[in-house]
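> Show me the folded form of this:
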Amino acid sequence: MKIISLAYLGVTTLLSSLITITSVVAQTLAPEIPKPEVAATTSSPRRNDSDQLIILPVGVNLGKQNVIPSTLVRGFEDGSQAINFEKWLIPLDDVIKGLKLDVKPLEDGQLEVRSPGLVTRINPEELPTDPELGLVIPVKTIQTLLGVPTEFDMIEYAIRFNPPWLNMRPKGRRTPEIPVVLEGLSEIDAPAFSISAIRQRVNISGRGGGSSSVSNSTNYSGEFTTVGTLLGGSWFLRTRQPDLTDTGTFRLQEAQYFRQTDAADFVLGSQPTFWRSQGTGQYWGATTIQRWGFTPPSSRGGFNPSQRLQANDIRRRVTGEAEPGTLVQLTQGFNDVVVDEILVDSSGVYRFENVITGRGGSNTYRVFLYPDGQLTAEPEIREAKFSTLPGQLTKGASALVVSTGLSRESSQNGNFFGEFIDVRGGIAYRLGVTEDLTLGMGVVYDESVLGLGELFYQPAGFPLKVKVSALLGTEDEEIDYDASINFQPSPKLSFNFNSDSLAQRFRVNWQVFRGLTLRASGNTREEALAAGMSISHTSQDFSLSASADIDTNNNLRWSLRSNLGSLILSHRGNEITTNSELIYYLSDSSASKGHSLLLGYETRDSNNRDDHLARLAWRYRSQQQFSDGRYLWDLDFAYGFGSRGNGLIASASSAVIPGLVLRLRYQEISTTSDGSTFRIELSPNINVQSGISAADTRFDRLRSRGGLLIQPFFDNNGNGKRDTGEEIYLEEPDLLLLLNNKSITSFRPDIRNNGIFVKLDPDTYRLDLDPAGYPIDWKPEESAYAVEVVPGSYTPVTVPMVLSYTFAGVVTDAAGEAVEGAKVEAVPVDSGKSIFSITNGAGVFYLEGLQQGKYNLLINGESAQPNQIEIKPDSEPFQELNLSILLSP
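Residues are numbered from 1 along each chain as shown. Below you'll find the predicted structure:
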């Protein structure tokens, strides 16, 4: 280190001497210049003749950092200061390098120059050309056009750039997603058919005693539900069971097959109509939707034609005017992440196309305008907010829906399937005519031939939404319509109007200030006008919210909720009933969990009778809560005192038994009866694919979604199949698994003993196994898969992890000397991939990733000594093995 330091010092001294000699020679050749009275590092007004500028070797510094040790510029200095510094000429390439600028040639011949604090354009034709230096830029232009203060340091003999963005923290920018590549990967298909989940709900309810004339009775009812996969879609069945003791009362409530893609849907069976139904009964039929230019939002549950005809995102345009040379940035969200930017040209107009809004994008954008491209200047900020109108499409996007089927009436004669009667159907087309207007039209047959018309209108830059749907030619009325208008001139004021064949309704909301909202509404069907208000206040330990409404029919509704530490007061009421509760939480944890005491009081004024009931209760909710909102334990025991007597009120629910939802309720007294009632609900939920689980009972979601069941396991015998006793590896899945180039944790996996469950929308996904999560000495046979997900089931993905063996040692020659740079290769005797290693300076090699079997050993393509190894199930994962090169015969 000392020698290196001395050498560095010598080179530095030599360079300083050369610069000094060059400076002296330059001064000798130049005319004699009188010394100024005051030294300065900026330009001097005493020499204006640019012909006196000469070639000087100087350094270039960016702030205090030297970025160019030496380059040539055209300038002049008198030994104490720079002369006419603003006229000095610096090669353009050196300015670009010195300021670390990104330069992009444009079609019009200009250069777009970018830095962390500057975006501007330079016309090379407007820059001077020096016969010796080439294309140059004057210092004055650097200071005015680029906005970079520049000076000459005589001591360091270097030009110093001091850009204002030197220590500026840049704005966050939207990170482009890594493309998901599926080509060449092993494909795992979803099952063609599966029964994924089964649920049988049983309700037992009864009543007895009391003064009521209703006799004692016990009812047994239920509902059977099942869901699965069929040919890339989901199938769903629901059977209503009004009386479990009589199978003749069972009725098929719903049966649906639903296959969905981004471009098209197909549904068969029971379903809603895409028009306002005119007939009676449930609609059963076949429907297809074809989409062009848009994708629908993710579905939750069964087929909904209104939702499947909506766009997940709407492409908008943001335009405006600004001075030429202004840098305009479009930012998204509250963190102002830069989505796009543009430098305004001579037209004075900026335009951002295809700005994504709606569910799939953001409705909150802002436009930042930086004069002269200076990002360090104070920008002008303009709002660019959007709202989403369901049903509106991007300009040019369209959809076609065709449906035909029958009406089904519930049978009273014991027919399980019901009776199919009237033919119904229709066809409709919806088109995004402009960015603001979407129109739809079609023909429907529902008891008669009807014309269908739709209009969705949301003008850009104006807070108005209009939605109209109408059927023309109905028998009872000439037109059956539904129209809604929303006008929101400010975030604090909104007007809503709705009209259909039955009534007209309006509602006005005005947030006077934070914590106070006034509202008014009206309804022609009820022939009433209403007015109300809401107040709210929140502080560190206290919160209050209250509302009240009254209409011209003397109907009054009110509510209040207040929270003070562990104490919660709630009260609500109307012209008939009131209900008040005071809750004190005994636990220190979340207010909705743990132990609590409750004091309640309710009243009821109906049928010329005034009833009341007070109750004192103890409530317990366990800390563990499942994803569907259920608690492991939820207990509530109370005793009531009221106008109809005294008695016990108790309820309990539990999910402690896997796959079984149990709810109990017993009540001896209420404000409506002095008789006892009870209700027992049993709901066994069987996930056929994954075994019984208590995690989620929302089977309806499988109708439109699927998922993955990932099972990495230790393949002890190497047969590629999971055998009895082979353990599933569930440690650190966030390190092991990547889904579409993202950590598996971003998809909220459900980790159980039998695998990792991930709920996903239908698509094909890339599943990678990251070496960072491999168990020690184990690795997967394949590290990436292309996995298909279809609605109705989880696609099983079994990942065999095989034991990985390593051999390490030293390669020596015939003289026993270590051999450097030798290629050591292990070639499988039967079949498989060869493993090789290059020896280091000490002759050491590492053969890693070997599997069970026999391998021939080669050194530089020739047999080694020993020439073969065999790895058995009982072999050690790491072994030492020294090799020698065989002598040639």
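> C-alpha from now on. contacts and neighbour counts both.
Noted.
> and stretch 428-445, C-alpha only, in CSV?
This file holds the C-alpha atoms of stretch 428-445, laid out as CSV (Å, rounded to 0.1, in the frame of the first residue of the first chain):
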residue,chain,number,x,y,z
ALA,A,428,-77.3,-6.3,-27.9
TYR,A,429,-74.2,-4.4,-29.0
ARG,A,430,-72.3,-1.7,-27.0
LEU,A,431,-69.7,0.6,-28.4
GLY,A,432,-67.4,3.3,-27.1
VAL,A,433,-68.3,6.0,-29.6
THR,A,434,-66.1,8.7,-28.2
GLU,A,435,-64.0,9.1,-25.0
ASP,A,436,-67.1,10.6,-23.4
LEU,A,437,-70.0,8.7,-24.9
THR,A,438,-70.8,5.0,-25.0
LEU,A,439,-74.0,3.7,-26.7
GLY,A,440,-75.8,0.4,-26.8
MET,A,441,-78.7,-1.0,-28.8
GLY,A,442,-80.4,-4.3,-29.3
VAL,A,443,-83.5,-6.4,-29.6
VAL,A,444,-85.1,-8.4,-26.9
TYR,A,445,-88.0,-10.9,-26.9
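> Name the residues of that stretch that are buried.
When neighbours are counted by 16 or more other C-alpha atoms under 10 Å, the buried residues of stretch 428-445 are found to be 428-433, 435-444.
> now stretch 585-601
Buried, per 16+ other C-alpha under 10 Å, within stretch 585-601: 585, 591, 593-601.
> quick one: which of the residues you listed is nearest to residue 256?
Among the buried residues of stretch 585-601, residue 593 lies closest to residue 256 (C-alpha to C-alpha), at 38.9 Å.
> Relative to residue 631, how far out is the closest one?
9 Å (C-alpha to C-alpha, to the nearest Å).
> Next, show the common contact partners of those two.
621-623 (C-alpha atoms under 8 Å, 6 or more residues apart in numbering).
> Redo those as TSV? Include neighbour count, pLDDT and secondary structure.
Shown next, in TSV, are those (neighbours: other C-alpha atoms under 10 Å; pLDDT from 0 to 100; DSSP: H, G, I helix; E, B strand; the rest coil):
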residue	neighbour count	pLDDT	secondary structure
621	20	90	strand
622	16	89	coil
623	14	85	coil
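> Could I get the full set of helices for the stretch 401-550 of the chain?
Assigned helices in the stretch 401-550 of the chain: none (criterion: DSSP state H, counting those that start in this stretch).
> any low-confidence regions in it?
474-477 (pLDDT under 70).
> ok, 90 please
For the stretch 401-550 of the chain, the stretches flagged by pLDDT under 90 are 409-422, 435, 446-448, 459-463, 472-480, 490-491, 500-502, 525-527, 539-541.
> burial count for residue 677?
A count of nearby residues for residue 677, using other C-alpha atoms under 10 Å, gives 21.
> residues in contact with it?
So residue 677 contacts 205-208, 666-668 (C-alpha under 8 Å, 6+ apart).
> Look up which helix or strand it falls in, please.
Assigned by DSSP states H and E, residue 677 falls within strand 676-687.
> Just checking: what are the partner strands of that strand?
strand 193-208 (antiparallel), strand 660-667 (antiparallel) (DSSP bridges).
> Following the chain past that strand, name the next helix or strand.
Counting by DSSP H and E, the element after strand 676-687 in chain order, helix or strand, is strand 706-714.
> what's in contact with that following strand?
Counting by C-alpha under 8 Å, 6+ apart, 722, 726-730, 754-762, 789-803 sit against strand 706-714.
> In strands, which of the residues you listed fall?
Among the contacts of strand 706-714, the members falling in strands are 755-760, 789, 794-803 (criterion: DSSP state E).
> quick one: the helices in this protein?
2-29, 92-99, 139-144, 305-308, 733-736 (DSSP state H).
> coming back round to it: closest one to residue 93 out of the buried residues of stretch 428-445, please.
The nearest one, if we look at the buried residues of stretch 428-445 relative to residue 93 and count by C-alpha to C-alpha, is residue 435, at 45.0 Å.
> quick one: that closest one from residue 349, how far?
Residue 435 is 19 Å from residue 349, by C-alpha to C-alpha.
> How about residue 417?
From residue 417 to residue 349 the distance is 65 Å (C-alpha to C-alpha).
> picking up where we left off before, how far does the strand holding residue 677 sit from its chain's centre?
Strand 676-687 sits 36 Å away from the centroid of its parent chain (C-alpha atoms, centre = their mean, to the nearest Å).
> Extract the CA atoms of it and return them as CSV.
Extracted in CSV, the C-alpha atoms of strand 676-687 (Å, rounded to 0.1, in the frame of the first residue of the first chain):
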residue,chain,number,x,y,z
SER,A,676,-88.9,-19.0,23.8
THR,A,677,-87.2,-19.5,20.4
PHE,A,678,-84.1,-21.4,19.3
ARG,A,679,-82.1,-21.8,16.2
ILE,A,680,-79.2,-24.3,15.4
GLU,A,681,-77.2,-23.9,12.2
LEU,A,682,-74.8,-26.7,11.2
SER,A,683,-72.8,-26.1,8.0
PRO,A,684,-70.2,-28.8,7.1
ASN,A,685,-67.9,-27.5,4.5
ILE,A,686,-65.8,-30.1,2.6
ASN,A,687,-63.0,-29.0,0.4
